[in-house]
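no letters, just coordinates:
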């Protein structure tokens, strides 16, 4: 499936950043701890999510992009990929044109910038999502307030 091969490297980079960020603690976090204390990461290492959003507003689709930019694709394709590959569904809409997607099955969440040109970009993601969780918690975790 072409879109899986395009988004899989982005997911692997995010997982690698998570592992590198947690290497200092060298402890395995339990499922219960992940759900009690969700964590998130910007789509671009070292940048605040709000800065990534501003960057993503003008980026091309990821197939035409540099490797170090947020993942962008046609909105319907990005939605299909999050749903099919990660069992995520749209949970809430937030500030600055963002959407929260989450999967209780996978325990993952994704913050998506929905642009007006039928393009959407992943601007942050993390672990610790569960059914019934407050969307505000994840927008705050991504640095977008609530």
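Done, it's in. What you are looking at is a predicted structure, and each value in this text was computed from that prediction instead of being measured.

so for stretch 130-146, what's the average pLDDT?
In this model, stretch 130-146 has a mean pLDDT of 83.

equivalent analysis for stretch 71-79, please.
89.

give me the distance between residue 116 and residue 107.
31 Å (Cβ to Cβ, to the nearest Å). In this view, the C-beta of every residue, glycine as well, is placed from N, C-alpha and C.

show me which of these two is the more surrounded one.
Set residue 116 next to residue 107 and count neighbours by other Cβ atoms under 10 Å: residue 107 wins out with 17 against 7.

give me the below-cutoff pLDDT ranges for this protein.
1-45, 60-70, 146 (pLDDT under 70).

any chance you could map the helices in it?
2-22, 31-36, 49-56, 75-86, 135-141 (DSSP state H).

packing partners for the fourth one?
This means helix 75-86. Helix 75-86 sits against helix 2-22, strand 89-93, strand 108-114, strand 119-127, with contacts defined as 3 or more Cβ pairs under 8 Å, 6 or more residues apart in numbering; DSSP states H and E.
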